[in-house]
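>>> Following is a predicted model, sequence given first.
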Amino acid sequence: MPMSPSRVAEHFNTKVGNNMKIVFFNIPAHGHTNPTLGIVKELLKNNHEVYYYSYEIMREKIESSGAHFISCDKFDSQTKLSNEDKEKISKDLVFSTNLIVDMTLRLDDEILKEMQKLKPDVIIADSMAFWGKLIAKKLNIPFISSTTTFAFNKYSARIMKQDGPSLFQLIKSIPKINKSLDKLREKGYKVKSMLDIISNDENTSTIVYTSKYFQPYAETFNDNYVFVGPILRESNEKMEKTEIPTVYISLGTVNNNNRVFYQNCFDALKDENLRVIMSVGEDTDIESLGKIPDNFIVKKQVDQISVLEVSDVFITHCGMNSTSEGLYYGIPLILFPQTTEQKGVANRVKELGAGKLLEKINDPENIKNTVLEVLKDKNLRENAKKISNSFKACGNTLEAVRFIENKI
């Protein structure tokens, strides 16, 4: 049975032996949650207690890991956002800041009381679950950042390559952001600027789910950062490899309602000797896409790991999770980024020669030519394999758990 917030603290009031009480905070995103679940299972094997603050949409998978699940839905205004507002999160820093501040203040009274009674040995928060970091700092509880994107500092920020208009908007936003942060300061949160929230200093213990090879400017990060590689779950089903190449197309789980792009892919690849598997997301009406070509398999969701195990090319939005999964299997990527973060990931893939940018998304002929070029390019495949090998050489869940235990 899941635990209600009011029962969390009374369930375990004392630490037994060397066992730790560990609290996770995360956001309602599969790509940010999935890598932590292997760590949770390994921590439980070592007889630690794990309490996981997340969202109802993640309840089943978190509970299946063995952690005590505590729902944050009632605190979070993000769960009530329209699709239009969800898209603003990655593009409008003022809007995003207001959401962070609102979430932290909503959590402030109840969760702080729970943490004070529970007395966790460490709080581990996703790098986007900023409230976990803020709460840990306010209560002087040891903190570890769980980073499913690239580790971020002034050097790795260069990979984002902000354009002039973006920088202008950022500068213009600073007064409004500071006004919002004043609300946190009034409640005792020591926040000097937005950078205190969104970035970690070199003294912050940080688990990064990539390899040093793939991480930009990895040499600039000290031993407080551990690069454990992507932590992938096992596939839920086994797909058959076909004699003809398989092209996988997915724009992730958030900004995926792109009917015109999907239709352009139909036109581009319908006459090619290819098997095309397309995942279009829950918000896309498959019937609205029109006639599906015979060589296409179109679903709202697929078991991505199963598909990648048999794919030869992956057209991706360049989310860090999807990119890492594709490269783990040594698949060359066709890059279709849509946010600043995704553009940063795409830039790194291009730098290492493992993918090609999709230049004209509204041109079926360009889509076709790009797919055929990538299929034939041995260098792209060899470079993707190099990244794959670097991932597989990392310590994975065991290294992450050793890092956590050694930091306490």
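On my side now, so go ahead.

>>> going forward, measure contacts and count neighbours with C-alpha atoms only.
Will do.

>>> Remind me what the longest helix belonging to the chain packs against, helices and strands.
As far as residue count goes, and with DSSP state H defining each element, the longest helix of the chain is helix 93-118. Taking 3 or more CA pairs under 8 Å, 6 or more residues apart in numbering; DSSP states H and E as the contact definition, the neighbouring helices and strands of helix 93-118 are helix 5-11, helix 130-139, helix 164-186.

>>> following that helix, which helix or strand comes up?
For helix 93-118, the succeeding helix or strand toward the C-terminus, using DSSP states H and E, is strand 122-126.

>>> Can you give me the buried ones in that following strand?
Of the residues in strand 122-126, those buried under the neighbour-count criterion (16 or more other CA atoms under 10 Å) are 122-126.

>>> out of those residues, who's nearest residue 183?
residue 125 (21.5 Å; CA to CA).

>>> any idea how far that closest one is from residue 26?
Shown here: residue 125 relative to residue 26, a distance of 6 Å by CA to CA, to the nearest Å.

>>> Kindly state the domain boundaries assigned to this structure.
Structural domains annotated on the chain: 5-148+154-198, 246-392, as defined by automatic domain parsing.

>>> Just name the most buried of these.
Each of these was assessed for mean neighbour count using mean count of other CA atoms under 10 Å. The highest is domain 246-392, with a mean of 19.

>>> What segments of this protein are strands?
Secondary structure of the chain (DSSP state E): strands at 21-25, 49-54, 68-71, 122-126, 143-147, 205-208, 225-227, 246-250, 275-279, 296-299, 313-316, 333-335, 355-357.

>>> Let's have the ones you listed in CSV, adding mean pLDDT.
Putting these into CSV (pLDDT from 0 to 100) gives the following:
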stretch, mean pLDDT
strand 21-25, 96
strand 49-54, 95
strand 68-71, 94
strand 122-126, 95
strand 143-147, 94
strand 205-208, 96
strand 225-227, 96
strand 246-250, 96
strand 275-279, 96
strand 296-299, 96
strand 313-316, 97
strand 333-335, 97
strand 355-357, 97
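
>>> give me the low-pLDDT residue ranges for the chain?
Within the chain, the set of residues satisfying pLDDT under 70 comprises 1-17, 76-97, 160-179, 187-189, 191-200, 253-257.

>>> those helices in the stretch 251-400 of the chain, which residues are they?
For the stretch 251-400 of the chain, the helices defined by DSSP state H, counting those that start in this stretch cover 259-269, 304-308, 320-328, 340-351, 364-376, 378-392, 396-407.

>>> and residue 101, which of the ones you listed is closest to it?
Within the helices of the stretch 251-400 of the chain, the stretch nearest residue 101 is helix 340-351; the backing value is 21.3 Å (CA to CA).
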